[in-house]
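S.K.: Sequence and predicted structure below; questions after.
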Amino acid sequence: MKEIIIATKNKGKVKDFEQLFKTKGFVVKSLLDYPEITDVEETGETFAENAKLKSQQISTLFNRIVIADDSGLSIDALNGEPGIYSARYAGEEKNDGSNIEKVLDRLEGVPQDKRTARFHCALSVTVPNQETYVVEGTCEGVITTKPEGKNGFGYDPIFYIPEQNKTMAELSSEEKNKISHRANALKKLQVTINDLFN
Ligand SMILES: O=P(O)(O)OP(=O)(O)OP(=O)(O)OC[C@H]1O[C@@H](n2cnc3c(O)ncnc32)[C@H](O)[C@@H]1O
Ligand SMILES: [Mg+2]
């Protein structure tokens, strides 16, 4: 099995990528396997810029092909917040429950038809000292008035997908990885990854 390094310390993302890459014959390693590596500072202004920062810095460190993911939730009624600040929306501790609570507070009283939102995922793959490829994927949804479902991570429990009639957290991992922003971005990267690893 080929090994691929994902420049993330987010357990929820690692689980998604393990599921996504398992069917493609890859073993996924992440920065959770290298706790000594310090976080890459996300100084970009877009998901794509932050993903590039992460893949380029970690690829140089390992001298290996590295994929990074920068992702988040953009809510129309909040002018696109939390956006690139999704992880730390409620504070530096990056607590999913507190982030959800802050979103629901900010959307208090906003009617159902005005709670549209989308998940964004930018994936960046860097070949050491060579090129970096960036792709993006989104998934449209509606923010619920209370969390529903135990699967997934982050904002999944409040992200309702009308076509599925479920929140992202009510989907199984397999179902999520068919329709998510991460899966939609990875589909655009598949040919490049096959070329790079064969
Ligand atoms: O930078 P890394 O180490 O990858 O970890 P991170 O959690 O800081 O990653 P981001 O900066 O990309 O922030 C992503 C945040 O967006 C949210 N998010 C991203 N993908 C999600 C998903 O599939 N379901 C729910 N929330 C998601 C969640 O709050 C994440 O913490
Ligand atoms: Mg981050």
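M.R.: Everything's here; your move. Ligands and ions are numbered 1, 2, ... in the order given.
S.K.: okay, CA-based contacts and neighbour counts for the rest of this
M.R.: Fine.
S.K.: Run through the neighbouring helices and strands of the host helix or strand of Q19.
M.R.: Assigned by DSSP states H and E, Q19 belongs to helix 11-22. In terms of contacts (3 or more CA pairs under 8 Å, 6 or more residues apart in numbering; DSSP states H and E), helix 11-22 is packed against strand 26-30, helix 173-179.
S.K.: So which bits of that helix are buried?
M.R.: Buried residues in helix 11-22, counted by 16 or more other CA atoms under 10 Å: K13, V14, D16, F17, E18, Q19, L20.
S.K.: got a list of contacts for that helix?
M.R.: If you take CA atoms under 8 Å, 6 or more residues apart in numbering as the criterion, helix 11-22 is touched by 6, 8, 27-28, 30, 32, 152-154, 173-174, 177, 183.
S.K.: Can you get me the start-to-end distance on stretch 145-156?
M.R.: 13 Å (CA to CA, to the nearest Å).
S.K.: try stretch 61-80
M.R.: Note: stretch 61-80 ends 33 Å apart using CA to CA.
S.K.: repeat for stretch 83-98
M.R.: 16 Å.
S.K.: residues contacting the residue positioned nearest the centre of the chain?
M.R.: The chain has S71 as the residue nearest its centroid, 4.0 Å off, counting by CA atoms, centre = their mean. S71 makes contact with F47, I84, S86, F119, H120, C121, A122, according to CA under 8 Å, 6+ apart.
S.K.: Show me how far stretch 146-153 is from its chain's centre.
M.R.: Offset of stretch 146-153 from its chain centre (CA atoms, centre = their mean, to the nearest Å): 16 Å.
S.K.: quick revisit: mean neighbour count, the helices and strands packed on helix 11-22: which tops it?
M.R.: Among those, strand 26-30 has the highest mean neighbour count (mean count of other CA atoms under 10 Å), at a mean of 18.
S.K.: The nearest residue to F197 once chain neighbours are set aside pairs with what?
M.R.: Leaving aside its sequence neighbours, F197 sits nearest to K2 (CA to CA, 6 or more residues apart in numbering; 7.9 Å). Counting by DSSP bridges, K2 forms beta bridges with F26.
S.K.: what do you get for C121?
M.R.: Taking DSSP bridges, one finds S71, G137 as the beta-bridge partners of C121.
S.K.: What separation do you get for it and G154?
M.R.: Distance of C121 to G154, computed by CA to CA: 13 Å.
S.K.: same thing with T116?
M.R.: Separation of T116 from G154 (CA to CA) stands at 17 Å.
S.K.: okay, those two: which has more neighbours?
M.R.: Of the pair T116 and G154, G154 is the one with more neighbours under other CA atoms under 10 Å, namely 23 against 18.
S.K.: Including distance to ligand 1 and pLDDT, could the contacts of helix 11-22 go into TSV?
M.R.: Output for those, formatted as TSV (distance: CA to the nearest ligand atom, whole Å; pLDDT from 0 to 100):
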residue	distance to ligand 1	pLDDT
I6	8	98
T8	4	98
V27	18	93
V28	14	96
S30	9	98
L32	9	97
G152	6	97
F153	5	98
G154	4	98
S173	10	96
E174	13	95
N177	9	96
A183	9	97
